[in-house]
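*Asks:* below is the sequence, then the predicted model.
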Amino acid sequence: MEKLLLIKYGELTTKGDNRNYFICFLVKSIENKLLGLNYKIEKDYYRMFIHTDDVYEALNRLKNVFGIHEIVIAYKLNDSNIDSICTSAVDVLKNVSFNTFKVETNRSDKSYKIKSNDVSRTVGASILKNINNITVDVHNPDILLNVEIRKEAVYLYYERYAGMNGYPVGTMGKALLMLSGGIDSVVAGYLSIKRGVSLDFVYFESIPHTSLEARNKVISLANTLCNYGNIGHIYVVNFTKIQEYIYKNMKGEYLITFMRRMMYRIAEKIAEKIGANAIINGENIGQVASQTLTSIKAVNDVTNYPIIRPLATYDKLEIIDVAKKIGTYNISILPYEDCCTVFVPKHPVINPKLDVIHSEEEKFDFALLDQIFEDIINIEVPTKERHNEYL
Ligand code: ATP
Ligand code: MG
């Protein structure tokens, strides 16, 4: 009897003809996670099996992989004889502590002579006979033992672990995440990865007004997203001259609006260059003056690129819950300031007017935008020193 992992697919099961495309990405994600372990993957249209000497280590690593609905520790029997199934079932359960149990059988091999209900009854009777002080409970058993009778083998299992669901990373192509050091954008990134998007990042910094610690914080956030299978690049944009120019020359209460319009313009250029299909950010309706619907419209005005805002309708507390769950919250609350927080006007405009913006922007020196692309810093994530930790 071999102990192995059985992987049940997540939402990709809704994909008819494309299913293999999704499964190939899932295999890639799993291979990345199992690097260094001795294993073999066997896959079919419905599920995947992972043969390995280190089932629990593999299980732990796969708990963070998108595209998996459930991971099950299964026992593979090569002999499908009913007596052999009974003996194995007792072997599997004899050292497990439980009071009540139920057996459920699924017979995908219809040529198997005994009907599912009869298999369950026979296996159940054998367990009752051979293990002391237990009873059957069909409604709420401590242990549910599944017997799967398939053409190639019989599988027994009772240990199930929830997977992350979602789509395998990369199946939806690439997007560019505007990643700051705050709580929100990294959560927006996580939710996008969950939908199969592979992310590159753009971070705007304003050294010397912002610090290298602030940049390292953003690198650390991007590294944490690698826990969930994302591998990408951070493009660090030196935003200092643009912010200083806006600060000195343009209408005070519109500072953030102008700044964000410049961010979007730059993000769009980077997105085009790297072949990203969308820009993603952590904007949230009404969170701050620059995120009222009027503000969002005024900023969005500079681009035709799809801008995805996964957190648009979340409450802050809901965002914080996800941040804690994915391990980014404690990094995000480190005190280093980003460029947005350094140059905040006293009374930012809540309903910016496009005609004011357009006439005011005539003052802006757009050559500054072109210069930016000459000194973008490109950082790979996971960063080399963290590589083994995340893959
Ligand atoms: P917080 O959690 O404090 O709200 P935030 O990152 O969401 O942090 P906001 O001022 O709300 O900050 O900015 C809205 C969105 O704009 C961010 O979620 C992020 O996607 C993007 N953004 C803001 N500042 C930067 C920056 N310095 N670099 C890249 N993207 C940024
Ligand atoms: Mg925010």
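*Replies:* Yep, it's here. Ligands and ions are numbered 1, 2, ... in the order given.

*Asks:* the closest residue to ligand 1 within the stretch 251-391 of the chain - how many residues pack around it?
*Replies:* Closest contact between the stretch 251-391 of the chain and ligand 1, by Cβ to the nearest ligand atom, is at Gly282 (2.4 Å). C-beta here means a position set from N, CA and C on the backbone, and glycine is covered the same way. Gly282 has 25 neighbours, counted by other Cβ atoms under 10 Å.

*Asks:* with Ile193 instead?
*Replies:* 28.

*Asks:* that one is in what secondary structure piece?
*Replies:* Assigned by DSSP states H and E, Ile193 belongs to helix 184-194.

*Asks:* so is that helix next to ligand 1?
*Replies:* Yes: Helix 184-194 lies within reach of ligand 1 by Cβ under 6 Å from any ligand atom, at 184-185.

*Asks:* isn't the residue of the stretch 251-391 of the chain closest to ligand 1 up against Tyr190?
*Replies:* No: between Gly282 and Tyr190 there is no contact, the gap being 10.5 Å when judged by Cβ atoms under 8 Å.

*Asks:* low-confidence ranges in the stretch 1-150 of the chain?
*Replies:* 13 (pLDDT under 70).

*Asks:* ok, now with 90
*Replies:* The stretch 1-150 of the chain contains residues with pLDDT under 90 at 10-20, 44-46, 78, 109.

*Asks:* now the strands for it?
*Replies:* Listed in chain order, the strands found in the stretch 1-150 of the chain under DSSP state E, counting those that start in this stretch are 2-9, 39-43, 47-52, 68-77, 100-107, 135-136, 143-149.

*Asks:* columns distance to ligand 1 on top of the ones you listed, output as a markdown table?
*Replies:* Shown next, in a markdown table, are these (distance: least, Cβ to the nearest ligand atom, whole Å):
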| stretch | distance to ligand 1 |
| --- | --- |
| strand 2-9 | 31 |
| strand 39-43 | 36 |
| strand 47-52 | 35 |
| strand 68-77 | 28 |
| strand 100-107 | 46 |
| strand 135-136 | 52 |
| strand 143-149 | 42 |
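
*Asks:* can you put these in TSV and add mean neighbour count?
*Replies:* Shown next, in TSV, are the strands of the stretch 1-150 of the chain (neighbours: other Cβ atoms under 10 Å):
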stretch	mean neighbour count
strand 2-9	19
strand 39-43	14
strand 47-52	19
strand 68-77	21
strand 100-107	20
strand 135-136	12
strand 143-149	20
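
*Asks:* of these, which approaches Lys217 most closely?
*Replies:* strand 68-77 (30.2 Å; Cβ to Cβ).

*Asks:* touching that closest one from outside, list them.
*Replies:* With contacts defined as Cβ atoms under 8 Å, 6 or more residues apart in numbering, strand 68-77 is touched by 1-11, 13, 26, 49, 55, 59, 62-63, 84-85, 88, 92, 146, 153-157, 159-165.
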